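> Quick one, structure for this:
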Amino acid sequence: MVSSSYEVRGWTATDVTAIGTQPIIVHRRVHARRRLAFASLAIPALLFISILIIDLGRLYTGYIQMAKAVRAGAVLGSQDPSNTTGINDVVLKHESSGSSLTTLAITCTNGVCSDAKSGDDVTIKATWTFAPIVSKVLGPIWEFDPIVLSTQSTMKVL
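Residues are numbered from 1 along each chain as shown. All right, here's what the predicted structure looks like:
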């Protein structure tokens with residue numbers, strides 16, 4: 001198969017001589033249409049991947065902030081285990097990730113934190129719900145369950 005290509009006044013002509021057909025005329029705009037078709041498929045896919053990456057970053061940052069908040073509550077609980085209101089306030093103050101704190105549990109070794117003695121354990125456990133952006137974008141098409149994460153911290157009463 002022998003083919004040659006030449007350009008005349010903005011038109012690209014390809015002459016296929018082995019088949020014996022007439023020259024095929026293809027305009028440059030066909031290539032532009034192909035690029036546009038590719039972009040119309042690639043841009044939504046790249047946008048979706050970008051949203052997923054942003055969601056993973058939000059999830060990771062929220063988890064780290066929640067772990068720090070629970071740790072701060074455990075530090076206060078190790079100093080004054082009977083101050084459950086103060087522990088709740090410390091955890092909520094440090095938890096500024098915008099996540100929705102579902103549960104916050106404060107437990108001690110003997111079951112009652114007001115009777116905790118030196119050497120007992122104080123455990124702070126927090127559970128929170130994360131709603132990804134992807135679920136808001138694709139909610140009508142595909143149902144996403146919220147992601148439930150929990151973290152805990154245990155310290156000895158001083």
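
> Over to the nearest residue to residue 80 once chain neighbours are set aside. Which of the three states is it?
Leaving out its chain neighbours, the residue that sits closest to residue 80 by C-beta to C-beta, 6 or more residues apart in numbering is residue 86, at 6.9 Å. To be clear about C-beta, it is placed using only N, CA and C from the backbone, and glycine gets the same treatment. For residue 86, the assignment made with DSSP: H, G, I helix; E, B strand; the rest coil gives helix.

> pLDDT score for residue 86?
As summarised for this prediction, residue 86 has a pLDDT of 92.

> Might one say that it is in contact with residue 76?
Yes. Counting by C-beta atoms under 8 Å, residue 86 touches residue 76, with 6.0 Å between them.

> ok, those two, which is more surrounded?
For residue 86 versus residue 76, neighbours defined as other C-beta atoms under 10 Å are more numerous around residue 76 (20 against 14).

> which secondary structure elements does the helix or strand harbouring that one contact?
Residue 76 belongs to helix 28-79 when elements are defined using DSSP states H and E. Counting contacts by 3 or more C-beta pairs under 8 Å, 6 or more residues apart in numbering; DSSP states H and E, helix 28-79 is packed against helix 84-94, strand 100-108, strand 121-130, helix 133-138, strand 147-156.
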